[in-house]
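Peer 1: Just a sequence and a predicted model for now, questions to come.
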Amino acid sequence: MLPQSLWALVASFLFSLPSTRAQSSPFSLSLNTPVTLTGNNFSGSSTPVLFSLPSSSSSNLTISLALCATTSSSSPRVFVSNSGSSQTVPGPSGGADVFEVILGNLGLGNFTLALPAGGATGVLAVYGGQASGSLEIGVSEGTTPPLHAPLADLPFFGDSTANEALLFSPPFLRPAAPAPQPTYPNYTLPPANASFPPPSSQSQNAPNFTLFLAPLSAGLAALPQTACAVRAGVSGSALAAQSAQVLTEQFWMRDAGEGWRREWLVGGLAALTNYSVYAVQDGTRLSGPIYFTTKSASFSCPLVHALPYCPTTAYAAPLPAPPARALAYDASNMPDNLTAPLLGYLTNFTTSLLTAACGRDAYSPLKTCADCQAAYRHWLCSVSLPRCGEFPQTQTTTRGAGAQQQRVLAAAPPPPALQPQASGAPQRNPALGKVVGAPYAALLPCIETCNAVDRACPVFLGFRCPLPDFTANASYGLGFVDSADGDVQGGGVPGAAQDRWGNVFCNAS
């Protein structure tokens with residue numbers, strides 16, 4: 001039996017059915033409660049498995065299907081009817097009130113069924129299916145998304161070391177109220193050591209996210225891209241049965257514009273290994289995959305995260321090993337010689353900014369003093385806490401399941417903006433002192449983090465960024481997000497600071 005780990009945190013909904021040939025009346029489906037058919041639940045003949053559809057306050061029901069296992073032959077076929085007649089059995093022969101729910105290439109299918117007037121519901125019939133197959137059926141009201149609808153947003157990769165990684169769920173809950181803006185006569189901004197308020201009563205309605213993680217060679221991408229298939233693929237794979245586990249888990253808001261996420265610090269990973277990452281919402285809705293590669297065994301920079309004054313910081317930094325028993329650096333154990341200057345700079349900057357009549361005298365039709373402070377905070381954190389990186393290493397292409405994804409990862413992206421830091425050399429942040437011990441490579445901040453401050457802040461502050469044509473590439477990553485000359489927003493290659501394949505080109509955190 002596999003040990004309990006991050007993959008075993010969501011229960012699988014398994015509906016135990018008697019032999020289908022002995023079925024005398026339809027089984028009942030309930031709203032928002034998925035039912036799983038496996039093995040001998042399927043009919044080996046033309047006799048279908050019948051379900052009655054639930055009643056609804058809506059005029060429509062959405063039928064949602066998810067294939068949970070790859071079958072050696074044809075998948076089961078599902079038909080529904082909204083006929084008010086109890087004698088109607090929907091099937092391949094069709095009819096005026098009979099519709100087939102088609103399973104697509106991802107192993108998903110959904111159909112919105114109009115309910116008849118008078119309180120009648122309908123019937124669902126499942127034909128065929130193999131002993132090795134598995135199908136999950138869900139019903140929801142037509143006013144809500146299908147129960148198995150994939151999420152539009154992806155998980156987010158923070159960073160990794162040789163055996164740990166920081167991962168985030170898709171954003172799911174925006175703040176209850178927008179950040180307050182300075183208004184006359186109360187010209188105030190958040191303090192330097194500010195934190196986002198907890199999700200409060202909103203968290204009671206927050207979806208439940210579960211992390212699923214496995215080596216790329218486990219072949220998760222070759223399975224139907226459904227929550228139940230990924231869950232089964234991870235829990236049933238010998239390649240996934242390793243010591244990896246969630247070390248810490250918490251709500252975290254990287255950016256107020258995005259909303260709350262769930263953050264996972266994962267440990268027990270293998271060095272120089274490609275991983276596939278999925279997040280599952282409420283047991284049925286899949287997000288992902290994204291991919292990342294762990295660093296080499298010689299990589300020595302520890303992870304830093306959960307800093308309320310630097311909420312986007314979630315990466316490896318050139319610091320000594322965390323204090324005893326600490327898994328990573330966070331606000332409780334960050335060295336004072338780093339946090340004190342950072343908070344001091346932000347406090348002084350805010351004091352200077354508030355000499356303007358923020359909220360009364362608009363210096364821009366687009367930006368406010370609050371936008372200026374937020375942009376400066378982001379920039380200050382990225383330059384005060386350098387991000388460690390590692391020059392790409394040549395890896396052997398994985399054979400078998402997952403080989404196609406490995407080839408995608410092995411494609412030639414632009415090289416990251418890495419700058420070698422020799423042992424004994426001074427670092428960008430004087431508070432870090434000289435590089436002690438093994439040398440490392442610093443991933444330069446994206447120039448866009450600097451430009452964002454320049455564009456958001458009043459001219460009198462005198463904040464300026466280096467010019468792309470002269471010295472900018474000595475201290476910033478250029479041409480990844482915006483064009484190299486800065487004239488075309490989003491015109492860089494690849495047009496983002498990182499991609500879903502685990503390539504991180506410059507530090508935008």
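Peer 2: Sure, I can see it.
Peer 1: what's the burial count for residue 108?
Peer 2: 21 (other Cβ atoms under 10 Å). In this view, the C-beta of every residue, glycine as well, is placed from N, C-alpha and C.
Peer 1: cool, and residue 99?
Peer 2: Residue 99 has 19 nearby residues by other Cβ under 10 Å.
Peer 1: close enough to count as contact, it and residue 81?
Peer 2: Yes. Shown here, residue 99 and residue 81 form a contact pair, counting by Cβ atoms under 8 Å, at 7.3 Å.
Peer 1: Residue 163 and residue 245, how far apart?
Peer 2: Note on residue 163: its distance to residue 245, by Cβ to Cβ, to the nearest Å, is 11 Å.
Peer 1: Next, show the common contact partners of residue 99 and residue 81.
Peer 2: Jointly contacting residue 99 and residue 81 under the rule Cβ atoms under 8 Å, 6 or more residues apart in numbering are residue 90.
Peer 1: which residues are common contacts for residue 163 and residue 245?
Peer 2: 267, 268.
Peer 1: low-confidence ranges in the stretch 351-500 of the chain?
Peer 2: For the stretch 351-500 of the chain, the stretches with pLDDT under 70 are 394-411.
Peer 1: So which residues of it form helices?
Peer 2: 369-384, 403-409, 447-456 (DSSP state H, counting those that start in this stretch).
Peer 1: Can you give me the neighbour number for residue 253?
Peer 2: Residue 253: 23 neighbours (other Cβ under 10 Å).
Peer 1: Then residue 164?
Peer 2: Neighbours of residue 164 using other Cβ under 10 Å come to 21.
Peer 1: What pLDDT does the model give it?
Peer 2: pLDDT for residue 164: 97.
Peer 1: Report the contact partners of it.
Peer 2: Counting by Cβ under 8 Å, 6+ apart, residue 164 has contacts 247, 265, 266, 267, 269, 303, 327, 328.
Peer 1: so which of those residues is the most crowded?
Peer 2: Of those, with other Cβ under 10 Å as the count, residue 303 tops at 25 neighbours.
Peer 1: I'd like the distance between that one and residue 249.
Peer 2: For residue 303, the distance to residue 249 - Cβ to Cβ - is 15 Å.
Peer 1: Equivalent analysis for residue 336, please.
Peer 2: Remark: distance between residue 336 and residue 249 (Cβ to Cβ) = 27 Å.
Peer 1: So between the two, which is more surrounded?
Peer 2: Taking neighbours as other Cβ under 10 Å, residue 336 and residue 249 compare with residue 249 leading, 16 against 8.
Peer 1: If you drop the residues flanking it in sequence, what lies closest to the more buried one?
Peer 2: In space, and not counting its chain neighbours, residue 249 is closest to residue 264: 5.4 Å by Cβ to Cβ, 6 or more residues apart in numbering.
Peer 1: So what touches the host helix or strand of the one you found?
Peer 2: Assessed by DSSP states H and E, residue 264 sits inside strand 259-267. Taking contacts as Cβ under 8 Å, 6+ apart, the residues outside strand 259-267 that touch it are 6, 156, 158, 163-175, 199, 203, 206, 209, 211, 213, 244-254, 279, 303, 305-306, 314, 327-328.
Peer 1: before we move on, back to that, between the helices of the stretch 351-500 of the chain, which one is nearest to residue 53?
Peer 2: Residue 53 sits nearest to helix 403-409 of all these, at 38.3 Å, using Cβ to Cβ.
Peer 1: Grab the most central residue of the protein for me.
Peer 2: With distances taken as Cα atoms, centre = their mean, the residue of the chain nearest its centroid is residue 155 (1.0 Å).
Peer 1: Tell me how far that residue lies from residue 240.
Peer 2: Distance of residue 155 to residue 240, computed by Cβ to Cβ: 17 Å.
Peer 1: cool, residue 275 as well?
Peer 2: Distance from residue 275 to residue 240, by Cβ to Cβ: 10 Å.
Peer 1: Residues in contact with both of those two, list them for me.
Peer 2: Common contacts of residue 275 and residue 240, defined by Cβ under 8 Å, 6+ apart, comprise 213, 214, 215.
Peer 1: Longest strand in this protein, by number of residues?
Peer 2: strand 245-255 (DSSP state E).
Peer 1: Now it: average pLDDT?
Peer 2: Throughout strand 245-255, pLDDT has a mean value of 91.
Peer 1: before we move on, which element is residue 192 in?
Peer 2: Using DSSP H and E, residue 192 falls outside every helix and strand.
Peer 1: Let me know the pLDDT of it.
Peer 2: Looking at residue 192, its pLDDT is 91.
Peer 1: isn't it right up against residue 309?
Peer 2: Yes. Taking Cβ under 8 Å as the definition, residue 192 is a contact partner of residue 309 at 6.1 Å.
Peer 1: Overlap in contacts, those two.
Peer 2: With Cβ under 8 Å, 6+ apart as the test, residue 192 and residue 309 both reach 343, 346.
Peer 1: Any buried residues in stretch 494-509, and which?
Peer 2: Of all the residues in stretch 494-509, those buried under the rule 16 or more other Cβ atoms under 10 Å are 496-498, 500-509.
Peer 1: Straight-line length of that stretch, end to end?
Peer 2: Taking Cα to Cα, to the nearest Å, stretch 494-509 runs 17 Å from one end to the other.
Peer 1: what does stretch 46-60 give?
Peer 2: End-to-end span of stretch 46-60 (Cα to Cα): 28 Å.
Peer 1: Residues contacting it, please?
Peer 2: Residues outside stretch 46-60 that contact it (Cβ under 8 Å, 6+ apart) are 17, 20-21, 23, 25-31, 35, 37, 41-43, 61, 63, 79-80, 89, 91, 112-115, 119, 121-127, 137, 139, 141-143.
Peer 1: what angle do the strand holding residue 264 and strand 245-255 make?
Peer 2: 150 degrees (axes from the mean of the first three to the mean of the last three Cα atoms, to 10 degrees).
Peer 1: Next SSE downstream of strand 259-267?
Peer 2: Heading C-terminal from strand 259-267, the first helix or strand you meet, by DSSP H and E, is strand 274-281.
Peer 1: which secondary structure elements does that following strand contact?
Peer 2: Judged by 3 or more Cβ pairs under 8 Å, 6 or more residues apart in numbering; DSSP states H and E, strand 274-281 is in contact with strand 209-215, helix 227-235, strand 285-293, helix 403-409.
Peer 1: As CSV, these with mean neighbour count and distance to residue 323 would be great.
Peer 2: Shown next, in CSV, are those (neighbours: other Cβ atoms under 10 Å; distance: least, Cβ to Cβ, whole Å):
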stretch, mean neighbour count, distance to residue 323
strand 209-215, 24, 26
helix 227-235, 24, 33
strand 285-293, 23, 26
helix 403-409, 15, 35
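Peer 1: closest one to residue 463 among these?
Peer 2: Closest among these, using Cβ to Cβ: strand 285-293, at 33.6 Å.
Peer 1: Now the phi/psi pair for residue 341, please.
Peer 2: Backbone torsions for residue 341, taken as degrees, to the nearest 10, come to phi -60, psi -40.
Peer 1: That one - how many residues pack around it?
Peer 2: By the measure other Cβ under 10 Å, the count of residues near residue 341 is 15.
Peer 1: Please name the nearest non-neighbouring residue to it.
Peer 2: Closest to residue 341 by Cβ to Cβ, 6+ apart is residue 431, at 5.3 Å.
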